[in-house]
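J.: pasting a predicted model and its sequence here:
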Amino acid sequence: MPDLNLLVTLDVLLAEGSVARAAQRLRLSPSAMSRALTRLRETTGDPLLVRAGRGLVPTPRALELRAQVSRLVQEVEAVLRPAEKLDLERLQRTFTLRTSEGFAENFGPELIARVAAEAPGVRLCFVPKSDKDSAPLRDASVDLETGVVSPTTAPELRVQALFRDRLIGVVRIGHALSQGEITPERYAAGRHLCVSRRGLDRGPIDDALQTLGLERAVVTIVSGFATALALARACDLIASVPERHTGSLRTGMHSFPLPIALPEITVSLHWHPRMDADPAHRWLRGCVREVCAELRASPPIGGKPAAG
């Protein structure tokens, strides 16, 4: 009969890529972990981890096994975990949510109120999502994450769509674009802010304008929506930001639908499958979905509402 402990050991070794770190995580001695790695090599017929400089790198077979092994370990843990009845009134727990910019500001107040009413002992910790790395969900430093699914999203993650968003234009009151019809030509003729975490000065907006034979002048690049809106509020620059994510940040400013065709953005909830069967985690996922659904129903600024 296969040794299930070896499966757990393999999962941790492949996740850590280091005998020492894997031993520390499993609370084993380095020599015991080395012996376990030897057994795994004999069982699989593959070196699994080979030395490269001072560290170890996975073999192609190890890379192939990583997601499968992780899934198997989670399924075994779910089978062996005793069923629990969730008592929200007595639940004491902190959940960490890694959210895209604007999510906490716009959806946080309702979510916090909902959680406080149902589970007063639960605390929410919002941390910024500065990149698309899935490691925080894998290593359990983050419980839930919001954002757009991308090619870099780990394939084993669970994903559920929350709402669709769209880019809109935002200017200060008194800006030339705060009055009159916004045509592609008027929009392109202004001075623009570009939001890019990687410092890029082009994006989907520029591609859409190019199809119309137009080009905009990007005079400033910032890494976040809040910074873009703060600058647009203080000077004659045009910010183009997601509508749903920036509602509370745009108070006192003029917002308008972009006069160009752009695809909508699907914002999703991400979590690691190890949390599927966790009753408290499942409850929180439901809270997030319901809060987003309620706020999604609020009317958008002019034009067709973003669908849910």
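T.: Thanks, I have the structure now.

J.: all strands of the stretch 1-150 of the chain, in order?
T.: Using DSSP state E, counting those that start in this stretch, the strands of the stretch 1-150 of the chain run over 49-52, 55-58, 93-99, 122-128, 144-147.

J.: so which of those strands is the most packed in?
T.: strand 144-147 (a mean of 22; mean count of other CB atoms under 10 Å). Placement of C-beta: from N, CA and C, glycine included.

J.: pairing partners for that one, with directions?
T.: In the sheet, strand 144-147 lines up against strand 93-99 (parallel), strand 265-271 (antiparallel) (DSSP bridges).

J.: between those strands, which one is nearest to residue 163?
T.: strand 265-271 (5.6 Å; CB to CB).

J.: only C-alpha atoms, please: export the closest one in PDB.
T.: Taking C-alpha atoms only, strand 265-271 is exported to PDB below (Å, rounded to 0.1, in the frame of the first residue of the first chain):
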ATOM      1  CA  ILE A 265     -13.000  43.400 -17.300                       C
ATOM      2  CA  THR A 266     -14.200  40.300 -15.300                       C
ATOM      3  CA  VAL A 267     -13.200  40.600 -11.600                       C
ATOM      4  CA  SER A 268     -13.000  37.200  -9.900                       C
ATOM      5  CA  LEU A 269     -12.600  35.800  -6.500                       C
ATOM      6  CA  HIS A 270      -9.500  33.400  -6.200                       C
ATOM      7  CA  TRP A 271      -8.700  30.900  -3.500                       C
END
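
J.: worst mean pLDDT among the strands of the stretch 1-150 of the chain?
T.: When those are compared on average pLDDT, strand 55-58 comes out lowest at a mean of 84.

J.: just checking: what are the partner strands of that strand?
T.: strand 49-52 (antiparallel).

J.: picking that back up, closest one to residue 17 among the strands of the stretch 1-150 of the chain?
T.: That would be strand 55-58 among these, by CB to CB, at 5.9 Å.

J.: need the strands paired with strand 144-147 in TSV (columns: distance to residue 214).
T.: Below are the strands paired with strand 144-147 laid out as TSV (distance: least, CB to CB, whole Å):
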stretch	distance to residue 214
strand 93-99	34
strand 265-271	22
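
J.: for residue 74, find the nearest of these.
T.: Nearest of the strands paired with strand 144-147 to residue 74, taken as CB to CB: strand 265-271 at 11.8 Å.

J.: pLDDT on the closest one, on average?
T.: Per-residue scores along strand 265-271 average to 92.

J.: which is the next helix or strand following that strand?
T.: Sequence-wise, the next helix or strand downstream of strand 265-271 (DSSP states H and E) is helix 279-296.

J.: which parts of that next one are buried?
T.: With burial defined by 16 or more other CB atoms under 10 Å, the residues of helix 279-296 counted as buried are 280-281, 283-285, 287-288, 291-292, 295-296.

J.: quickly list the domain ranges of this protein.
T.: 4-80, 88-165+265-296, 167-257 (automatic domain parsing).

J.: do me a favour and get the end-to-end distance for the first one?
T.: Using CA to CA, to the nearest Å, the end-to-end distance of domain 4-80 comes out at 12 Å.

J.: just how off-centre is it within its chain?
T.: 27 Å (CA atoms, centre = their mean, to the nearest Å).

J.: show me the contacts for the closest residue to residue 292 other than its chain neighbours.
T.: Counting by CB to CB, 6 or more residues apart in numbering, residue 162 is the residue found nearest to residue 292 once chain neighbours are left out, at 4.4 Å. Applying CB atoms under 8 Å, 6 or more residues apart in numbering to residue 162 gives the contacts 146, 267-269, 288-289, 292-293, 296.

J.: picking that back up, pick the one among the buried residues of helix 279-296 closest to residue 40.
T.: Nearest to residue 40 among the buried residues of helix 279-296, with distances taken as CB to CB, is residue 281, at 30.4 Å.

J.: hang on, that closest one packs against residue 273?
T.: No - using CB atoms under 8 Å, residue 281 is not in contact with residue 273; the gap is 11.0 Å.

J.: out of the strands paired with strand 144-147, which gets nearest to residue 230?
T.: Among the strands paired with strand 144-147, strand 93-99 comes nearest to residue 230, with 19.2 Å by CB to CB.

J.: if I look at the closest residue to residue 125 other than its chain neighbours, how far off is residue 45?
T.: Counting by CB to CB, 6+ apart, the nearest residue to residue 125 once its immediate chain neighbours are dropped is residue 96, at 4.6 Å. From residue 96 across to residue 45, the span is 40 Å (CB to CB, to the nearest Å).

J.: quick one: average pLDDT of the host helix or strand of residue 219?
T.: Using DSSP H and E, residue 219 sits in strand 217-222. For strand 217-222, mean pLDDT is 96.
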